[in-house]
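> heads up, no residue letters with this:
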């Protein structure tokens, strides 16, 4: 899938909203920081998230992000809250967008090393950033 073939934002966000298990969702209009943004927040501690960014020039998906703010210090919800929800997002979205990459993506998610993956339609990058109490684990799916 070439960038010109990236999915239309509205249909893509609507389709995923129907299959994601979100505590709450919101779509924000474009602003000085970027285009329209779809957000899905899940988990008791609200640390598992899916974001879809819109390219305002084309109306298509600019990228999709799966983020988990992994608390490794107790902050009221236990350590590693919402891991099940974050793993569920990776499982569901990778099976829909990059099915052959689901297993290696789940393996990368358990680790701390940057990893990249590619399919015919998507480039995917995993990053891990250590914080003082929270690790940010992030997948970014970009249409090819």
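Looks like it came in fine. In this text the structure is predicted, and so the values were computed from the model without any measurement.
> Show the secondary-structure elements that the lengthiest strand in the chain is packed against.
What stands out as the longest strand in the chain, according to DSSP state E, is strand 60-71. Strand 60-71 makes packing contacts with helix 9-17, strand 48-55, helix 83-97, strand 134-143 when contacts are defined by 3 or more CB pairs under 8 Å, 6 or more residues apart in numbering; DSSP states H and E. For glycine as for every other residue, the C-beta is placed from the backbone atoms N, C-alpha and C.
> change it to 10 Å
Strand 60-71 is packed against helix 9-17, strand 37-42, strand 48-55, helix 83-97, helix 102-110, strand 122-130, strand 134-143, with contacts defined by 3 or more CB pairs under 10 Å, 6 or more residues apart in numbering; DSSP states H and E.
> In CSV: those, plus mean pLDDT, distance to residue 29 and mean neighbour count.
Listed next are the helices and strands packed on strand 60-71 as CSV, based on pLDDT from 0 to 100; distance: least, CB to CB, whole Å; neighbours: other CB atoms under 10 Å:
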stretch, mean pLDDT, distance to residue 29, mean neighbour count
helix 9-17, 94, 12, 17
strand 37-42, 97, 9, 20
strand 48-55, 97, 10, 22
helix 83-97, 96, 24, 18
helix 102-110, 96, 31, 16
strand 122-130, 97, 26, 17
strand 134-143, 96, 22, 19
